[in-house]
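Colleague: next one to model:
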Amino acid sequence: MVPTEYIGINDSPYKKTLRETLDERIVVQWTGIQTVATSIKVADAQKAAQDYGRKLFLWDNYPVNDFQNTAGRLLLAPYDKREAGLSEALNGIVLNPMNQASPSKLAIATGASFAWNDAAYDAGRTWRATAAYLADWEPLTTMSLLAFLDTQHLAPGHDGDGTKPWQPQAPALAAKLDAVRANPSGEALEELTRYAGVLAAAPERIRSGVADKAFSEQAKPWLDATGLWGQALQATADGLAAQDPAVAQERFAEANRLAVEAGKITTIPEATVVDVQLGVTPVKVADGVLDTFIAEAPGLVT
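Modeller: From the prediction side, this is the model:
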């Protein structure tokens, strides 16, 4: 059963009634200490089990994207921030997927790996292996898919201050951008130029290389926007590399134009509850990372 009080580690008269009167054969579900758990610790699961009088079945609200902080997002980071040892403290885990069933496979597959062997679970390794599986183990498709997934890595909170994500946005891209900020020339810029090309080409590579065509259909606006953002990053890298200030400004202007075009792409109507409530919203692609860098890049030129 899903109890009325399915959250938290605080005892209550309601939970006391359940532990004293509910048939011990009935499984009780629990979402963690929050509706959308930013982390789950063994001690929390043990305390909750005491409150309900039995081991609990975790209803993990990831990667579900039906609340307002997820507007414009796919949640494609791996299953993470769950403590090893939960296999002893819980009697099972179920993940709540996005309405986009095929893209949800990234989180679901990594969550299944955690449930199978939480002691040895490696979120990044399992995430990369899942991407390779979806790409039919083809290296270029896998690389393209991982670059796209990185742009959808942010996982927002639900309770309290939802602006504080519990998984960061675009960590791989952010590291490359930080390297260029530290030295806007040389190897870091060469690597960024290469990676921008991967992002720009990723949509078509994914559409042709990922066998599950539902992935590309359900992720269509995000793929479309990623291609444009990749082109914008290419133009930005060109501007940083240009020896002629006039050429640099021309390339930065083109980057800005492409960024504006990408920002006009919206979600699929009524694809999620949020789309029904708010109407279509602009899709978010490495937001706060890629857009910020493109805007500040002209200031990096000395």
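Colleague: helices of the stretch 51-200 of the chain, residue ranges please.
Modeller: For the stretch 51-200 of the chain, the helices defined by DSSP state H, counting those that start in this stretch occupy 86-89, 105-116, 123-134, 139-150, 171-182, 187-209.
Colleague: quick one: those helices as a markdown table, columns for mean neighbour count, distance to Lys164 and mean pLDDT too.
Modeller: Using the backbone N, CA and C atoms, a C-beta is placed for each residue, glycine as well. Putting the helices of the stretch 51-200 of the chain into a markdown table (neighbours: other CB atoms under 10 Å; distance: least, CB to CB, whole Å; pLDDT from 0 to 100) gives the following:
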| stretch | mean neighbour count | distance to Lys164 | mean pLDDT |
| --- | --- | --- | --- |
| helix 86-89 | 17 | 23 | 98 |
| helix 105-116 | 21 | 20 | 98 |
| helix 123-134 | 18 | 19 | 98 |
| helix 139-150 | 21 | 20 | 99 |
| helix 171-182 | 16 | 16 | 98 |
| helix 187-209 | 18 | 26 | 98 |
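Colleague: need those helices in JSON lines with distance to Gln34, can you?
Modeller: Shown next, in JSON lines, are the helices of the stretch 51-200 of the chain (distance: least, CB to CB, whole Å):
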{"stretch": "helix 86-89", "distance to Gln34": "16"}
{"stretch": "helix 105-116", "distance to Gln34": "17"}
{"stretch": "helix 123-134", "distance to Gln34": "19"}
{"stretch": "helix 139-150", "distance to Gln34": "24"}
{"stretch": "helix 171-182", "distance to Gln34": "23"}
{"stretch": "helix 187-209", "distance to Gln34": "33"}
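Colleague: tell me which of these lies nearest to Tyr14.
Modeller: Between Tyr14 and the helices of the stretch 51-200 of the chain, the tightest spacing by CB to CB is seen for helix 86-89, at 21.6 Å.
Colleague: what is the burial count for Asn61?
Modeller: 17 (other CB atoms under 10 Å).
Colleague: rewinding a little: among the helices of the stretch 51-200 of the chain, which comes closest to Leu290?
Modeller: helix 171-182 (6.4 Å).
Colleague: send me that closest one as CSV with only the CA atoms.
Modeller: Written as CSV, here are the backbone C-alpha positions of helix 171-182 (Å, rounded to 0.1, in the frame of the first residue of the first chain):
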residue,chain,number,x,y,z
PRO,A,171,29.4,18.3,-15.6
ALA,A,172,31.4,17.1,-18.6
LEU,A,173,30.8,20.2,-20.6
ALA,A,174,31.3,22.4,-17.6
ALA,A,175,34.7,21.0,-17.0
LYS,A,176,35.7,21.8,-20.6
LEU,A,177,34.4,25.3,-20.4
ASP,A,178,36.2,25.9,-17.1
ALA,A,179,39.4,24.8,-18.8
VAL,A,180,38.9,27.3,-21.6
ARG,A,181,38.1,30.1,-19.0
ALA,A,182,41.5,29.3,-17.4
